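Asks: fold the following and give me the result.
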Amino acid sequence: MRRHRSVALIAILTILVLGTTACAGSSGAPGTVIETETVPANIDVTSLESAVDDALARVTAAQEQATTPNERAQLAIDKGLLDYLKDVVLETLKTTFAGRLHWVGHSRIKYWSTDASGKAVRLSGVMFVPYIIKWDPHAFPLLSLQHGTQIYRPYAPSLFTYDMKNLFKDGRVLAQIEVVLGIFMAVPGYVVVMPDYPSLGVSTDPHPYTHLSIANSVEDMLKASRAVLASEWRDYATWDGRVFMSGYSEGGYATLVTASQLQAKGSDLTPVAVAPLDGPHDLSTTMRTLMVADRQHPSAYFLPYMLYGEKFIYGDAVYGFSKTMRSPYDATLPPLLDGTAKGEQVVSAMAFRPGATYPVPADILTADFLALVQRPFTGDPVTDGPVVTMLAANDAYRGWTPSMALKLFHCATDDLVPRGNSDKAYAEFKGRNAPRLETIGDVEPLPIPDATVHVQAALPAYMNGYMWIDTHYKK
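Replies: Sure thing, here's the model as predicted:
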């Protein structure tokens, strides 16, 4: 890293040269760049390590002052995640990737995409670019990294401050951890691309939760990032022609359906290797069972969030709010699902049974809609009805056979996105003789008190997927 530090002054001075750039984008063609803000700042392993240490010190001090059970629980989760960043992620960078360390800068990108109906929409995302020194550009692959479910617009990756001196200072460790992990993943030589998705960042459009059209936002962010890399970063880094993809939870689903879309198009952005992590790939069976299960769910907001998006995609005939959600939730929940509220606010506004800690998701549903969701899946649209048919149409594994290297990862005890999702996807792909399908990778959750298993498994899943992707780095 000494050689890299010797050019820090050049990197810092270059910030004065590159700034916000408005690009031609009035046509709304998918993937066209609208505007960028590029900062080749001198983020490196040393600054990341210092930032994590400072964040840990703040969390530890806050733990001593915490007075409520909720505060103590959240701080325990924050500390567990930061400990993993320090003890595992940073150590991996300093040892396994010791010979591949780079400075990292970033570009915030606004770009055109399309929604499920084909209408042009403005979206945003962030790209992290590794480099050694200006005027000595090296070629790197793109790594498209899709974040998990997030409903609060300000928590979008592109709106993160990237201030290493104040990392997590606002206390949003859980909300921002995936973005920081994206920076870490860029250091060994990946151009990491993170789309915000519709309804997040600059977008106020409805979010297509677990709908195939989310692939549009990912694909078009890749196109826009490639263009920005070739223009604003040409003196620092270039694209080597390869794409890798990974993502957790909803990001795992987005990863898999985007890989399908790119392969179907024969795109030159079709990924070389794909690592979906704990994703809800099997909507028609595994996730549908969870939707109607008679048990409490700590992240119950996922169900109204899905219904909110489906209303704007499929219309009111089946998915009007009064058709899907019983009173008063048909009126009280939708205003919380437009990107202006946090997940815990939505959960607090859902139906609670006496003495319950969390809501039972299905308790907000009308009797008629619940009956539609509970119909057995047969594959016959007439028998299945419109809801089950819609869920099946959006299964991430349905109707395609991956030609790229593919390894699904999943925690066996995931309590929010059950392992059955990946088991079903793997069985379907194996049954179609996917040529480069590998066995499902197990994920060991972290021992973090008061966190869901899904949260405990997130960082280990990301690292497992990343290390597997890296086995293809030199191929």
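
Asks: output the longest helix belonging to this structure.
Replies: Longest helix in the chain by number of residues (criterion: DSSP state H): helix 45-65.

Asks: for Pro376, see how far away the residue nearest to Lys169 when sequence neighbours are not counted is.
Replies: Sequence neighbours aside, Arg58 is the residue nearest to Lys169 in space, at 6.9 Å (criterion: CB to CB, 6 or more residues apart in numbering). (Each C-beta comes from the backbone N, C-alpha and C, glycine too.) Distance from Arg58 to Pro376, counting by CB to CB, to the nearest Å: 52 Å.

Asks: which one of these two is surrounded by more residues?
Replies: Remark: of Arg58 and Pro376, Arg58 carries more neighbours, 19 against 9, as counted by other CB atoms under 10 Å.

Asks: and the pLDDT at that one?
Replies: pLDDT for Arg58: 90.

Asks: for Ser267, see how far away it is.
Replies: 44 Å.

Asks: correct me if wrong, but Arg398 is in a strand.
Replies: No. Read with DSSP: H, G, I helix; E, B strand; the rest coil, Arg398 is coil and lies in no strand.

Asks: got the contact list for it?
Replies: When contacts are counted by CB atoms under 8 Å, 6 or more residues apart in numbering, Arg398 touches Ala392, Glu428.

Asks: switch to 10 Å and redo it
Replies: Contacts for Arg398 (CB atoms under 10 Å, 6 or more residues apart in numbering) come out as Leu212, Val257, Ser260, His281, Asp282, Leu283, Ser284, Ala392, Ala425, Glu428.

Asks: then Thr92?
Replies: Ala98, Phe184, Pro188, Met463, Tyr466, Met467.

Asks: ok, the fifth one to Ile77 distance?
Replies: Right, the one you point to is Tyr466. Taken as CB to CB, the span from Tyr466 to Ile77 is 22 Å.

Asks: thinking again about what came up before, what are the buried residues along the next helix or strand after the longest helix of the chain?
Replies: As assigned by DSSP states H and E, the chain's next helix or strand after helix 45-65 is helix 69-84. Judged by neighbour count (16 or more other CB atoms under 10 Å), helix 69-84 contains these buried residues: Gln74, Leu75, Ala76, Ile77, Asp78, Lys79, Gly80, Leu81, Leu82, Asp83, Tyr84.

Asks: got those residues as TSV, with pLDDT and distance to Glu35 columns?
Replies: Formatted as TSV, those follow (pLDDT from 0 to 100; distance: CB to CB, whole Å):
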residue	pLDDT	distance to Glu35
Gln74	89	35
Leu75	91	37
Ala76	92	40
Ile77	93	35
Asp78	92	33
Lys79	93	37
Gly80	95	37
Leu81	95	32
Leu82	94	33
Asp83	96	38
Tyr84	96	35
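
Asks: tell me the SS of the nearest residue to Pro381 once chain neighbours are set aside?
Replies: Nearest residue to Pro381, sequence neighbours excluded (CB to CB, 6+ apart): Thr389, at 4.6 Å. Look at Thr389: counting by three-state DSSP, its state is helix.

Asks: Thr389 touches Val373, doesn't it?
Replies: No. Here Thr389 lies out of contact with Val373, judged by CB atoms under 10 Å, at a distance of 11.6 Å.

Asks: where do the strands sit along the stretch 301-450 of the chain?
Replies: Secondary structure of the stretch 301-450 of the chain, counting by DSSP state E, counting those that start in this stretch: strands at 405-406, 409-410, 441-442.

Asks: deepest of the ones you listed, which one?
Replies: The highest mean neighbour count among the strands of the stretch 301-450 of the chain, using mean count of other CB atoms under 10 Å, belongs to strand 409-410: a mean of 26.

Asks: and after the helix or strand hosting Val192, which helix or strand comes next?
Replies: Applying DSSP H and E as the criterion places Val192 in strand 191-195. Per DSSP H and E, the first helix or strand lying C-terminal to strand 191-195 is helix 214-231.

Asks: and that following helix with strand 191-195, angle?
Replies: Inter-element angle recorded for helix 214-231 and strand 191-195: 140 degrees (by axes from the mean of the first three to the mean of the last three CA atoms, to 10 degrees).

Asks: how about helix 214-231 as PDB, C-alpha atoms only?
Replies: C-alpha atoms of helix 214-231 as PDB (Å, rounded to 0.1, in the frame of the first residue of the first chain):
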ATOM      1  CA  ILE A 214     -36.700  -4.800 -10.900                       C
ATOM      2  CA  ALA A 215     -34.200  -6.200 -13.400                       C
ATOM      3  CA  ASN A 216     -34.600  -3.100 -15.500                       C
ATOM      4  CA  SER A 217     -33.100  -0.900 -12.800                       C
ATOM      5  CA  VAL A 218     -30.100  -3.200 -12.300                       C
ATOM      6  CA  GLU A 219     -29.400  -3.700 -16.000                       C
ATOM      7  CA  ASP A 220     -29.700   0.000 -16.800                       C
ATOM      8  CA  MET A 221     -27.400   0.900 -13.800                       C
ATOM      9  CA  LEU A 222     -24.800  -1.400 -15.400                       C
ATOM     10  CA  LYS A 223     -25.200   0.400 -18.700                       C
ATOM     11  CA  ALA A 224     -24.900   3.800 -17.100                       C
ATOM     12  CA  SER A 225     -21.900   2.800 -15.000                       C
ATOM     13  CA  ARG A 226     -20.100   1.400 -18.000                       C
ATOM     14  CA  ALA A 227     -20.600   4.800 -19.800                       C
ATOM     15  CA  VAL A 228     -19.400   6.800 -16.800                       C
ATOM     16  CA  LEU A 229     -16.400   4.600 -16.300                       C
ATOM     17  CA  ALA A 230     -15.400   5.100 -20.000                       C
ATOM     18  CA  SER A 231     -15.900   8.900 -19.800                       C
END
